[in-house]
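Novice: model this:
(one chain, ligands or ions: 1)
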Amino acid sequence: MADISQELLSEIRKTFETELKKDRRFHVLLKRARDGTGSYVHANSYARLIGRALSKAIKANVSAGVLPQGRLYLELAQQIITPMLKEGHGLTTEYIKLVQDSINKEAKIGLASQIPEFNIDRAAGFVKKASAAESYDDVKWIFEDDAYLQNFFEAEVDEAIQQNADVQWRAGSSPKIIRIYHEGTKYCPWCAQLAGTYDYPCDRIVYAKHRDCHCTVDYQVGKFRQDAHTKKIVYRGDIEKISTDSGLSEKEQQLLARMRLSRR
Ligand SMILES: [Zn+2]
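Specialist: Okay, the predicted model is just below:
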């Protein structure tokens, strides 16, 4: 299987790089981070572009027709998917480092930026899922719906926020976690209800994502970086009115009310 895996991997990598290079947003986001004006919301957008490009690259090069017996065997999946998840992780964390370094510099924090390691368990879980069916046609939806890979890299951004907020909190700062609900997608009362600013450490639910959830989490420490783009996309609807059918239990709502500092 060595031959086909090498060939597939290099084709996937080629399409992945082409997809990113031709995407104007990719360059705009990268420039922001390099200029020192990138935020975690930008890192989240960047992570989504990576997930989308990787989904496209796999869709374009992998099909039942090119796979032995029309099946994506676990071993082959480990040879072609895992290295690409690592590559996406490398790009995402490179971006995170640029953002976090500039936040630390601006807030005059003398701590090193925390960069999440490649999450081997999550990668293994993804690869296992992708190779679970006897026929590739029965599992290819995992790549056809690019939300899965987008969420994979978005989770690294959220992980970085938690890690950095945590070291800063331990060092005596008072970081705040901000969960932002974005307009433009199907209205989600659960997420609209969760939007707000919380003191770190806060309950895990503040970071929780459902499938195809693209809420972003940001954090502030020291002087907050006001971002015009972030402000514009924060949901400003009448959140309170719908809180009863948000899908959160009464206990969760009470917990949130206690933790929440403000609505944005
Ligand atoms: Zn959401």
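Novice: who touches the residue positioned nearest the centre of the chain in this structure?
Specialist: Closest to where the C-alpha atoms of the chain average out (Cα atoms, centre = their mean) is Glu154, at 0.4 Å. Contacts for Glu154 (Cβ atoms under 8 Å, 6 or more residues apart in numbering) come out as 44, 47-48, 51, 209, 214. For glycine as for every other residue, the C-beta is placed from the backbone atoms N, C-alpha and C.
Novice: Which of the helices or strands spans it?
Specialist: Assigned by DSSP states H and E, Glu154 belongs to helix 147-170.
Novice: again, but for Val127
Specialist: Using DSSP H and E, Val127 falls in helix 120-130.
Novice: And Leu255, what's its pLDDT?
Specialist: With respect to pLDDT, Leu255 scores 65.
Novice: do Tyr207 as well
Specialist: Turning to Tyr207, the model gives it a pLDDT of 89.
Novice: now do Lys186
Specialist: On the pLDDT scale, Lys186 gets 74.
Novice: Also Val167?
Specialist: Model confidence at Val167 (pLDDT) stands at 93.
Novice: where along the stretch 101-250 of the chain do the strands fall?
Specialist: Taking DSSP state E, counting those that start in this stretch as the test, the strands found in the stretch 101-250 of the chain are 176-180, 196-199, 216-220.
Novice: This protein - how does it break down into domains?
Specialist: Annotated domains of the chain cover 2-163, 174-262 [automatic domain parsing].
Novice: Could you report the distance from Glu159 to Asp137?
Specialist: 33 Å (Cβ to Cβ, to the nearest Å).
Novice: And those two? Which one has more around it.
Specialist: Glu159 (19 against 12; other Cβ atoms under 10 Å).
Novice: Quick check: nearest residue in space to the more buried one, chain neighbours excluded?
Specialist: Excluding the flanking residues, the one nearest Glu159 by Cβ to Cβ, 6 or more residues apart in numbering is Pro116, at 4.3 Å.
Novice: Name the residues of the stretch 51-200 of the chain found near the ion, please.
Specialist: Cys191 (Cβ under 5 Å from the ion).
Novice: what about the closest residue to the ion within the stretch 51-200 of the chain, how many neighbours?
Specialist: Per Cβ to the ion, Cys191 is where the stretch 51-200 of the chain lies closest to the ion, at 3.3 Å. If you count neighbours by other Cβ under 10 Å, Cys191 ends up with 22.
Novice: Next: Phe153.
Specialist: With other Cβ under 10 Å as criterion, Phe153 counts 25.
Novice: ok, it touching His89?
Specialist: Yes. Counting by Cβ atoms under 8 Å, Phe153 does reach His89; the two are 7.3 Å apart.
Novice: can you tell me how far Ala33 sits from the ion?
Specialist: 24 Å (Cβ to the ion, to the nearest Å).
Novice: List the contacts of the closest residue to that residue other than its chain neighbours.
Specialist: Nearest residue to Ala33, sequence neighbours excluded (Cβ to Cβ, 6+ apart): Leu98, at 3.9 Å. Neighbouring residues of Leu98 by Cβ under 8 Å, 6+ apart: 33-34, 36, 38.
Novice: could you say which helix or strand contains Leu98?
Specialist: In this assignment (DSSP H and E), Leu98 forms part of helix 82-106.
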